[in-house]
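A.B. asks: how would this look folded up:
(chains A, B, C and D)
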Number of protein chains: 2
Amino acid sequence: MTPRSAQQNAMIKDETREQILSGALRVFSHRGYAATRVSDIAKACGLSHGLLYYYFQSKDEIFTELVRRAVESSSNALLMAEAIPAPAFQKIEWITREVLSNVMTDADSAYYFLIMTQTSVTDVLPDKIQAIMKQSSVPFDVMLRIVAEGQIQDSVVAGDVQQLVTAYWSAIQGIAIYRIAFKDNFQMPDADILLRMLRAV
Amino acid sequence: MTPRSAQQNAMIKDETREQILSGALRVFSHRGYAATRVSDIAKACGLSHGLLYYYFQSKDEIFTELVRRAVESSSNALLMAEAIPAPAFQKIEWITREVLSNVMTDADSAYYFLIMTQTSVTDVLPDKIQAIMKQSSVPFDVMLRIVAEGQIQDSVVAGDVQQLVTAYWSAIQGIAIYRIAFKDNFQMPDADILLRMLRAV
DNA sequence: GTCTATAATTTGATAGAC
DNA sequence: GTCTATCAAATTATAGAC
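C.D. replies: Coordinates of the predicted model:
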């Protein structure tokens, strides 16, 4: 048997790392940070308890990486939508359909939503995570700007912008959670139902 | 000092029991079932660790009682609204304003929502609780009936009833969670914003 | 009724064999 | 790279003093 090259080793290491993060996402999202045991994660990704500590320094570090990715990806998605050269309401439509479609077809997408929700509610979390969570308002802030823009363009209904976005974004998050809770019995609402909250009459 | 009467003792016992449940609701809702330590609850209600076991047989039993109350109160509220002798959309309006008002002014109300959400998502829970949770679809089912009634009366927009209620109820739950996450920075959306999802045009 | 002390388990994390 | 064995700390639940 020829020895593995350094490159091959690096690839294996990378894959296993992702494998751990994937299993951890599933477990953390369903049980929350504190309730998740390291051995639960190990079992979920079919690896030994000890091996996780070869890839990550602690349970904290695994969770932190997941929260970091959740914040990063949702922020990027919203900032990208904002940059689309189109009328405000078209941006809102695009975001809504994109998010709902992701939540429906990609389980991880819904899990990331759930992790963010849990993290925002829980009072006991490592400091590092608290710091990352402070950037978690980016998606909400982007929505505030787009909705305000839509009101100027008369495509979004009049009313308090903060209230409109709170209702809209709460619904998005609520749907992601419902999708996980109901599993196969879940029926995804059409984007138009949500858009009625914002669309000008 | 005169000895306490049996009646006085019973009152104290009842009050302390409620005190425990009140503290437990706050802690469980913020940390989830498994992450909540019995000593956390004891600290939250200013009682000793051991005393909780005088009132409840286990951590399970405390949580079970809270879930039972959450299911019961939300079911009762919705069933009561359904029984109001009024057009369907007026029932929906009443429910929406009532729930949002409660979530805003009564912290416990929002905590109950959060417990229900967590419980519906988590995969590892005592069997007893799983059984209670099966009744948790009552509010959703009531909404299904009222919305269908509203469509017949042409006061609710056309469309798949399941989808409409999923969007509406997800938004309600999402708002309750957001209210807890944002605390004093939260601005409650006006009920009309949510009602636009359902109102006929 | 309420507390403190403690027993039995379980957990996060480490060490060392392969 | 991956596993098993093990430690120190924390947790649920109980026992017994007041």
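A.B. asks: and A:Ile180, how far from A:Lys13?
C.D. replies: Distance, A:Ile180 to A:Lys13, by C-beta to C-beta, to the nearest Å: 30 Å. Yep, even glycine has a C-beta here, placed from its N, CA and C like the rest.
A.B. asks: which of these two has more neighbours?
C.D. replies: Between A:Ile180 and A:Lys13, counting by other C-beta atoms under 10 Å in any protein chain shown, A:Ile180 is the more crowded of the two (18 against 12).
A.B. asks: my guess is the more buried one contacts A:Leu114. True?
C.D. replies: Yes. Using C-beta atoms under 8 Å, A:Ile180 is in contact with A:Leu114, at 6.0 Å.
A.B. asks: what touches both of these two?
C.D. replies: Common contact partners of A:Ile180 and A:Leu114 (C-beta atoms under 8 Å, 6 or more residues apart in numbering or on different chains): A:Ser29, A:His30, B:Val121.
A.B. asks: I'd like the distance between the last one and DNA strand C.
C.D. replies: When you say that, I think you mean B:Val121. 19 Å (C-beta to the nearest atom of the strand, to the nearest Å).
A.B. asks: tell me the contacts of that residue?
C.D. replies: Per C-beta under 8 Å, 6+ apart, neighbours of B:Val121: A:Ser29, A:His30, A:Leu114, A:Ile177, A:Ile180, A:Ala181.
A.B. asks: who wins for neighbours among these?
C.D. replies: Within the contacts of B:Val121, A:Ser29 tops the neighbour count with 26 neighbours, counted by other C-beta under 10 Å.
A.B. asks: skipping its backbone neighbours, what lies nearest A:Phe89 in space?
C.D. replies: In this structure, A:Phe89 finds its nearest non-sequential neighbour in A:Ser155, 3.8 Å apart by C-beta to C-beta, 6 or more residues apart in numbering or on different chains.
A.B. asks: quick one: that neighbour and A:Ala88 touch, right?
C.D. replies: Yes. In this structure A:Ser155 lies within contact range of A:Ala88 using C-beta under 8 Å: 6.0 Å.
A.B. asks: looking at the two, which has the bigger crowd around it?
C.D. replies: Applying other C-beta under 10 Å to A:Ser155 and A:Ala88 shows that A:Ala88 carries more neighbours, namely 21 against 18.
A.B. asks: and that one, what does it touch?
C.D. replies: A:Ala88 makes contact with A:Ile146, A:Val147, A:Glu149, A:Gly150, A:Ile152, A:Gln153, A:Ser155, A:Val156, according to C-beta under 8 Å, 6+ apart.
A.B. asks: is there a quick ChimeraX command that grabs whichever of those are buried?
C.D. replies: Selecting the buried subset of the contacts of A:Ala88 in ChimeraX, with 16 or more other C-beta atoms under 10 Å in any protein chain shown as the burial test, is done by:
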select /A:146,147,149,150,155,156
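A.B. asks: now, among the contacts of A:Ala88, which is nearest to A:Leu79?
C.D. replies: Proximity of the contacts of A:Ala88 to A:Leu79 (C-beta to C-beta) peaks at A:Ile146, which lies at 10.8 Å.
A.B. asks: and the strand or helix carrying A:Arg179, how far from the chain's centre?
C.D. replies: Using DSSP states H and E, A:Arg179 maps to helix A:161-182. Helix A:161-182 sits 12 Å away from the centroid of its parent chain (C-alpha atoms, centre = their mean, to the nearest Å).
A.B. asks: buried stuff in that helix?
C.D. replies: A:161-162, A:164-181.
A.B. asks: other SSEs contacting it?
C.D. replies: helix A:88-105, helix A:107-121, helix A:138-152, helix A:191-195, helix B:107-121, helix B:161-182, helix B:191-195 (3 or more C-beta pairs under 8 Å, 6 or more residues apart in numbering or on different chains; DSSP states H and E).
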